[in-house]
Every structure is written in C-alpha cells, then in structure tokens.
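Engineer: Provide a 3D model corresponding to the input given below.
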Amino acid sequence: MNRGTGLRALQRPKKNKDKKLNLISQEDFYEDGVKWEEQAERWLLSDLKKALRFYKQAYDSYDNALAAESISVERTYDVLYNQTRLLFKIHTDYMANDGHINLLKYVNLQDIDGIDVLLQPIERIVDKFEVTLSRFAEHCTWDLYFNLLTCYSSLLDGDDVDGSRLIDIFPKFTVLFHKLVRDQLAELGSWNDDDAVDGETGEDADMGDTAPAAEAGVDEYAEVRDHLTPQTLVDTIVVAFKFVESTFIAVLEDINDELINPVQKNLLQEYMFKFESQLQELVASVTFPDIDTIELALAMRSLQGLNLIAGNDLSQLEIYISGSCELDHLLQDTDLLQTALVVWPTPTHWRLYTLIASLLGKAQALLSSQRGQSATHNNVSPIVFQLCDVMLMRSDVEFARWALKKDTSASVDAEIDAAASQKMLSILQKNGQTLLNNVVAIAEKPCGMREYVTDKLKRNYIYRQATSRQAVIAGNPPSEELNVSHENPYYRSFITSRS
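Structural biologist: Predicted coordinates for the structure are as follows:
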C-alpha cells in the first residue's frame with residue numbers, strides 16, 4: 001500500500017563545466033559527494049552492491065566536506081542534510097523495505113569496506129536530523145522538515161517504542177508539522193486564505209518567529225531541488241495521519257501496560273484527540289483539485305477502524321469492513337483485524353481469523369487477475385510479491401484457525417461433534433499447506449529479464465519465508481529469519497514438541 005519512502009531529493013549544486021581534479025575546499029567535496037550519489041542512483045535498480053559502493057564514497061566525501069577548508073554555514077547545512085537523507089534512504093528502501101523487510105540480509109556486503117557506516121538504525125537517523133535542525137534552524141528547508149516527520153513516523157513502527165519515547169516525540173512532531181504546513185500553505189499562496197491557516201494551527205499559530213527565514217542558497221538550488229507542489233501538502237498530511245495511527249496502535253496493543261503506563265496512555269490519548277481534530281479541520285478547510293488523495297483517504301479511514309477496536313464493538317467492525325472490495329481496503333482491513341487480535345480476548349479470535357481469511361481470499365483473487373494481465377509487463381514482479389505475501393498470510397491464518405479449532409474451548413463451535421471437528425481440522429491444515437506450496441512455486445520463478453534487483457530480493461524474501469515454514473512443519477528447527485514461528489500457535493506447537 002505504500003507509495004514510496006516519502007524521501008525528498010538531495011541538495012545539488014549548479015552544474016560546473018570546469019571539473020575539479022583536486023578536492024580541497026568544502027565545495028569541492030560537496031560536489032564530489034553529490035556526483036557519487038547520482039552515480040549510485042543510476043545503479044539502484046540493476047546492481048545494488050555497486051550502488052552501495054557509490055553511496056559509501058558519497059558519504060565519505062560529505063564527511064570530508066565537513067572537515068574541509070573554506071567552509072560556509074549554508075553549505076555545511078546542505079552537506080549534513082544530504083548525508084542524513086542518504087542514511088534514511090538506505091534504511092527505508094533496503095533495511096526496512098515495506099516497513100519491515102531487510103533486503104540487505106540477502107546481499108553479500110563483506111567486500112564493501114566500511115559499509116556499516118551506512119547501515120544505521122532509525123533512532124540514529126532521527127538524532128542526526130534533529131541535530132541538523134537544531135544547528136541550522138534559520139537555514140532549514142521544507143524538505144528536511146518533511147523527512148524528519150517521516151522519520152518520526154517510521155520510528156513508531158518498531159516493536160519496542162515505550163511511553164516515554166512516545167511522549168517525547170509527539171509534541172516534536174506536532175510542532176514541526178504545524179510549522180511545515182503553515183510554510184507550505186504560504187508558499188502555495190492561492191490555496192487558502194489566512195483563516196484556513198489559523199484554523200489548522202490553533203494554539204501553535206504564534207510560532208511564526210521560529211519559521212525558517214534564511215533564503216540564502218535557495219535560488220541557487222531551486223532548479224534542481226524537489227519543488228513544492230499541492231501534492232506535497234497532501235503527502236505531509238498523510239504522514240501526520242499515519243503518525244497518529246501508529247501511536248494509536250502502540251497504545252491499543254500494549255494491553256498489559258508493559259511499555260506504556262496508564263498515566264502515559266491518558267496523556268497520549270489527549271495528544272491524539274487534539275492533533276487528529278486539527279488534522280480533520282485542515283482537511284476540511286483545504287480543497288484538493290486534481291490531486292491524488294487516495295493515501296489520505298486510506299489514512300483517515302484507518303483511524304475510523306481503530307476507534308471501533310478501541311470501543312470493543314465486533315459487530316460494528318464487521319459492518320465497517322463488509323463493503324471492502326478494493327485491494328487497498330482489503331489489505332488495510334486485514335491489518336485492522338490483526339490489531340484486534342492483539343487487543344481483544346481469545347473468544348473473539350475465531351471470528352476475527354475467519355473475517356481475515358475472507359478478506360485475504362478476495363485480495364488474492366484480485367492480485368491473481370492483475371498478475372495475469374501484467375504477465376508481459378515490467379511491473380509483474382511487485383504484483384507477484386504482493387500476491388505471495390497475501391497467500392502466505394492466508395496460510396498463517398488457516399494454521400492459526402487450526403490451532404484454535406484444536407483447542408475446542410477457544411472455538412465458538414465447541415458443540416460440534418468430534419467427527420465434524422476433525423474434518424475441519426484436516427481441511428484447514430490442507431489449505432495452509434497448499435497455500436505454502438503455491439507461494440514457493442510462484443516465488444521461485446524469475447519475473448523476466450527486466451526484473452529490478454530490489455524486486456528480486458523481495459521475491460527471494462517471501463520465498464524463504466515460505467520454505468522456512470515448510471521446514472518447521474517437516475520437523476526442522478526454525479531459521480532466524482522466520483518471522484512467525486513463535487507468534488503462530490500452529491508453528492509454535494512444532495517447536496515446542498522438539499524442545
């Protein structure tokens with residue numbers, strides 16, 4: 001469902017026809033770093049290792065620029081921004097692809113000297129962006145704000161974000177968001193009158209004195225930097241809604257107050273209610289003619305579903321998802337029901353898993369149709385990955401339903417006679433194994449000569465997830481990369497029996 005990383009472009013200098021052979025000044029090293037980044041981008045889709053080598057050379061050139069002679073404040077900001085953005089790109093595209101897949105696990109990096117400097121955790125990247133913002137507040141541009149907001153949202157995707165960290169990040173996010181949106185609206189000009197802007201910012205409307213004021217360097221790079229467009233504003237609002245969504249999920253899923261204590265939860269709920277209200281007012285006050293708002297609608301829709309989970313209303317949740325027929329909605333509602341599985345008690349799980357199975361079945365049918373229509377096109381590999389991912393989830397769900405049925409006390413059908421129950425167990429197990437076999441058969445086949453290297457790695461990831469599950473069922477120990485064995489009671493039963 002993700003359209004991309006949300007990253008904004010590196011700062012580039014004007015083209016210099018007189019190529020410098022000797023790198024001495026900060027400007028020399030800066031231009032050299034940009035050159036290596038551009039080289040890396042040319043190889044990203046075909047040779048990832050070569051691209052990473054170029055990224056490493058770019059990073060080193062930026063390091064040299066920070067320690068070079070003849071430095072300037074404006075150029076130092078550009079260097080730090082580019083360097084941090086480079087780390088964020090590598091993290092988002094390769095270490096946390098689709099939010100969780102580390103594609104670099106399937107690439108031999110041992111012959112790339114010093115590669116570890118590029119493989120930074122999201123916490124470190126957030127720190128570097130924050131340091132840049134603190135040091136160069138008057139020189140920061142909207143693209144740094146956007147990337148930092150995206151970093152904050154990515155940070156919440158981790159499994160160990162505690163209440164203290166959430167309470168620290170949430171005000172930072174909202175303050176930066178209000179500043180960025182106000183600046184975007186001001187630059188877009190014709191979009192809104194002043195009242196609409198004030199209605200969005202609320203109590204933060206008096207933050208104008210901290211807005212980035214310096215325009216030095218902007219004209220020089222305007223021709224090559226990402227241009228601010230109405231779509232940029234929409235993308236910024238989407239990031240904000242997703243940030244609220246991630247916070248909401250973190251609060252809901254911490255059912256035993258292990259990471260977020262009750263006092264912190266109350267404060268975060270106040271933060272979320274206030275910020276979401278401001279976002280809703282902003283959306284209502286702005287018109288979006290000829291702008292792609294699909295992601296915005298999905299983000300807003302997700303919060304509606306989470307509110308139903310918070311209200312513990314299964315019947316209303318069923319009504320909410322009953323009309324889902326588009327692929328994005330089917331996958332979003334699957335995620336929603338997965339959250340309900342964590343939050344709601346065991347007696348609801350059979351029904352929840354049954355609903356998930358139905359949604360995934362519809363999604364598989366849509367993706368199978370798309371795969372057939374795209375058999376000769378360059379986008380077949382992403383469709384194959386998504387299809388296999390859905391089938392793998394379906395397999396996990398069938399096995400989870402098997403485990404629930406096995407424990408008849410947790411099943412809503414506990415009164416069914418033993419023969420019928422055994423028949424259902426057999427069907428569920430066969431369904432799960434058949435889906436696994438189909439994932440392996442589909443994912444192991446190349447998707448043509450023009451398949452991008454990142455798509456190959458994702459296909460390899462899903463293939464290995466399926467074969468690892470098959471290995472556990474066959475009685476072998478789980479591999480380190482298997483991401484479901486201890487969560488799914490079916491696989492857990494195999495591991496426990498071997499202990």
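
Engineer: state the distance from residue 61 to residue 128.
Structural biologist: 17 Å (Cβ to Cβ, to the nearest Å). All C-beta atoms are positioned from the backbone trio N, CA, C, and that covers glycine.

Engineer: what's the closest non-adjacent residue to the residue nearest to the spatial centre of the chain?
Structural biologist: Centroid-nearest residue in the chain: residue 99, 3.8 Å away (criterion: Cα atoms, centre = their mean). Once flanking residues are discounted, residue 99 sits nearest to residue 157: 5.4 Å by Cβ to Cβ, 6 or more residues apart in numbering.

Engineer: do residue 158 as well
Structural biologist: residue 122 (7.2 Å).

Engineer: OK, contacts around the one you found?
Structural biologist: 91, 96, 151, 154, 155, 158 (Cβ atoms under 8 Å, 6 or more residues apart in numbering).

Engineer: and these, which are buried?
Structural biologist: Restricting the contacts of residue 122 to buried positions leaves 91, 96, 151, 154, 155, with burial counted as 16 or more other Cβ atoms under 10 Å.

Engineer: so which of the residues you listed belong to helices?
Structural biologist: Counting by DSSP state H, the buried ones among the contacts of residue 122 place 151, 154, 155 in helices.

Engineer: hmm, residue 123 and the last one touching each other?
Structural biologist: Yes - in this structure, residue 155 is within contact of residue 123 by Cβ atoms under 8 Å, at 6.8 Å.

Engineer: picking up where we left off before, just give me the closest of the buried ones among the contacts of residue 122 to residue 186.
Structural biologist: Taking Cβ to Cβ as the measure, residue 186 lies nearest residue 151 of the buried ones among the contacts of residue 122, at 23.8 Å.

Engineer: list the residues that contact that closest one.
Structural biologist: By Cβ under 8 Å, 6+ apart, the neighbours of residue 151 are 88, 122, 125, 126, 129.

Engineer: in JSON lines: these, plus pLDDT and secondary structure.
Structural biologist: What follows is the contacts of residue 151, written out as JSON lines (pLDDT from 0 to 100; DSSP: H, G, I helix; E, B strand; the rest coil):
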{"residue": "88", "pLDDT": "98", "secondary structure": "helix"}
{"residue": "122", "pLDDT": "96", "secondary structure": "helix"}
{"residue": "125", "pLDDT": "98", "secondary structure": "helix"}
{"residue": "126", "pLDDT": "98", "secondary structure": "helix"}
{"residue": "129", "pLDDT": "98", "secondary structure": "helix"}
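
Engineer: so which of those residues comes closest to residue 294?
Structural biologist: For the contacts of residue 151, the nearest to residue 294 is residue 88 (24.1 Å; Cβ to Cβ).

Engineer: and the helix or strand where residue 238 lies, what does it pack against?
Structural biologist: Using DSSP states H and E, residue 238 sits within helix 230-253. Helices and strands touching helix 230-253, by 3 or more Cβ pairs under 8 Å, 6 or more residues apart in numbering; DSSP states H and E, are helix 142-155, helix 163-188, helix 262-285, helix 294-310, helix 327-343.

Engineer: what angle separates the first one from helix 163-188?
Structural biologist: By that I understand helix 142-155. Here helix 142-155 points in a direction 150 degrees away from that of helix 163-188 (axes from the mean of the first three to the mean of the last three Cα atoms, to 10 degrees).

Engineer: now do the third one
Structural biologist: Taking the same axes, to 10 degrees, one finds that helix 262-285 is oriented at 10 degrees with respect to helix 163-188.

Engineer: kindly report the same for the fourth one.
Structural biologist: For helix 294-310 against helix 163-188, the angle between stretch directions is 150 degrees (the same axes, to 10 degrees).

Engineer: pLDDT weak spots in the stretch 1-150 of the chain?
Structural biologist: 1-21 (pLDDT under 70).

Engineer: the helices in it, which residues?
Structural biologist: Here the stretch 1-150 of the chain has its helices, by DSSP state H, counting those that start in this stretch, at 26-43, 48-66, 73-90, 122-135, 142-155.
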